[in-house]
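can you look at this prediction? I've put the sequence above it.
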Amino acid sequence: MNHSDKIAADKTSLGFEFQDLVYIEKLIELRPGQKLGLELHDDIHVETAAEDGSIDDLLLIQVKHSVNEGNITDRDIDLWKTLHNWIKLIPDLPRHRKLTLQLYTNKNLNNQTFVSLLKASRQNIQKILDHIRQTEKDISSAESKKKPDDSPNPLAAYVKSVSQASDQDLTLIFSCFEFHSDSSAVIARLSAALRQLAVPTTRLEDTRKHVIGAFKESKFSKIVQGQKVVISFDDFRTKMGFDRIIRSARAEPADFDRFIEIYYNYQRPDKLSFSNSRFYEQLKDIGIGEEEIVTRGVEMMLAEKFMESLKDSGSFTASENSILENKAVSEWETLHNHLHRRTQEDDEPTHRIASQDCYDKTMLTSLKAGDIELPRNLICGKFIKLSDLPRIGWRKNWQSKFKK
């Protein structure tokens, strides 16, 4: 393969990538009762079902991508090739009530005669037919004057095919024809579509990549299994997880650092006691002072209220909270086993020192929610809550003494 061939291959690959992105754009626009197909009836097609299950509307989309965007001209080969393809496709289409044929291009539309007529094709059908036949005559005349060694005009075969179609077939095509010209980047359009679904601007890039990845995986799976790439509204929203992706994107990430402000702005009452709590009994048992116990109680109380507020706002789910607490228990368990490995329960002074060490080291343990490290006071509040349940303890024999 020479250098020119490599460039052509790259352009072809880019065209397929553009087609996939347009398909994803159409997926986001899908309504209940619609299905979206890829390279089945056309590059892309949209079926809208009637109440009886038949096809009410059928939209065929030819996707044409140009590296050098430029303009669609009267003799644009993509335009004539598209018309040629539709003439061949229409007889084999499934039964439908309404048909729309859309040329989707990243080129601009100029003001030449043929393009101008096509912008309002339904009102200009006879003029369009006349222009097609005249264009065929002009190209045929120019081809007949060429020398035998001259290269043929690549447009000639498509123009001839379109010109030879019946007036009835051409009238059908141009009564259904629409241009969709949009030179804006398809990536930007995907982001705009997601933004309209209330995805925060800070989450647009990650959400867009997530949606593209979900489609690519689904497409690959279908092709490997020999299935046609046809995705319904429900498939996209549920099986491909689009609804879940959007819900996750709308939930702003939990701002755990806000707990620091909450904790230090808390006005502690003059008399505050947690003496009826299990965590109080556990700490008192190993010799922790009253003032420190109250501090730990405040951390626990505020931590629980804070975590509830995160759940209410949707930024931290009950499931995520459960995972966090299980991670905390795992961290404590490692420390507890290590520090009490040689502890003798009948040697109370040594046992108490090991228990205090277990408590101190647990309070200094780091915890993360995902990739976010939690503030120290919030971590302490979490561990104290677990000791209050109790799921953890400080003595070697904490379960037999406090888990009743």
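Now that the structure is in, tell me what you want to look at. Numbers count the residues shown, from 1 in each chain.

after the lowest-mean-pLDDT helix or strand in the chain comes which helix or strand?
In the chain, no helix or strand scores lower on mean pLDDT, DSSP states H and E than helix 3-29, which sits at a mean of 73. Using DSSP states H and E, the helix or strand that follows helix 3-29 in sequence is strand 34-38.

can I get the CA coordinates of that next one in CSV?
Taking Å, rounded to 0.1, in the frame of the first residue of the first chain, the C-alpha atoms of strand 34-38 are listed here in CSV:
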residue,chain,number,x,y,z
GLN,A,34,-38.6,4.0,17.8
LYS,A,35,-35.8,1.8,16.6
LEU,A,36,-32.4,2.8,15.2
GLY,A,37,-30.6,0.6,12.6
LEU,A,38,-27.0,0.8,11.4
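
who touches the next helix or strand after it?
The helix or strand immediately downstream of strand 34-38 is strand 44-49, counting by DSSP H and E. The contact list for strand 44-49 (Cβ atoms under 8 Å, 6 or more residues apart in numbering) reads 19, 22-23, 26, 30-31, 33-38, 55-61, 63, 96, 104. Where C-beta positions appear, they are placed from N, C-alpha and C, glycine not excepted.

and if we set it to 7 Å?
The contact list for strand 44-49 (Cβ atoms under 7 Å, 6 or more residues apart in numbering) reads 22-23, 26, 33-38, 55-61, 63.

what do you get for stretch 225-232?
Looking at what lies outside stretch 225-232 - Cβ under 7 Å, 6+ apart - the contacts are 27, 35-40, 219, 222.

list the buried residues for that stretch?
Across stretch 225-232, burial judged by 16 or more other Cβ atoms under 10 Å covers 229, 231-232.

one more: stretch 332-339?
Within stretch 332-339, the residues that count as buried by 16+ other Cβ under 10 Å are 332, 335-336, 339.

next one: stretch 205-222
So, applying 16+ other Cβ under 10 Å, buried residues of stretch 205-222: 207-208, 210-211, 214-215, 218-219.

check stretch 161-168 too.
With burial defined by 16+ other Cβ under 10 Å, the residues of stretch 161-168 counted as buried are 161-163, 165.

pLDDT, distance to V199 and secondary structure added to those, as TSV?
Below are these laid out as TSV (pLDDT from 0 to 100; distance: Cβ to Cβ, whole Å; DSSP: H, G, I helix; E, B strand; the rest coil):
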residue	pLDDT	distance to V199	secondary structure
S161	96	45	helix
V162	97	43	helix
S163	96	48	helix
A165	96	45	coil
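
please enumerate the helices of the stretch 301-404 of the chain.
Using DSSP state H, counting those that start in this stretch, the helices of the stretch 301-404 of the chain run over 318-339, 348-363, 376-388, 398-402.

with only the CA atoms kept, save the last one in CSV.
Same thing as helix 398-402. Output of helix 398-402 as CSV, limited to C-alpha atoms (Å, rounded to 0.1, in the frame of the first residue of the first chain):
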residue,chain,number,x,y,z
TRP,A,398,-15.1,-7.0,72.7
GLN,A,399,-17.7,-9.2,71.2
SER,A,400,-18.4,-11.2,74.3
LYS,A,401,-18.4,-8.1,76.5
PHE,A,402,-20.4,-5.6,74.3
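
what separates that helix from the chain centre, distance-wise?
Averaging C-alpha positions (Cα atoms, centre = their mean, to the nearest Å) puts helix 398-402 48 Å from its chain's average.

can you list contacts of that helix?
278, 281-282, 390, 393, 395.

I'd assumed L335 was in contact with T362.
Yes - look at T362 against L335 with Cβ atoms under 7 Å: they come within range, at 5.8 Å.

strand partners (parallel or antiparallel) of the helix or strand F179 falls within?
Using DSSP H and E, F179 sits in strand 177-181. In the sheet, strand 177-181 lines up against strand 96-105 (parallel) (DSSP bridges).

give me the buried positions along the strand it pairs with.
For strand 96-105, using 16+ other Cβ under 10 Å, the buried residues are 96, 99, 101-105.

then stretch 395-404?
Those would be 395-396, 398, 402, for stretch 395-404 by 16+ other Cβ under 10 Å.

I'd like the average pLDDT over that stretch.
Averaged across stretch 395-404, pLDDT comes to 90.

start to end distance for that stretch?
Start and end residues of stretch 395-404 are separated by 15 Å (Cα to Cα, to the nearest Å).

and stretch 358-375, by the same measure?
20 Å.

what mean pLDDT does that stretch get?
In this model, stretch 358-375 has an average pLDDT of 95.
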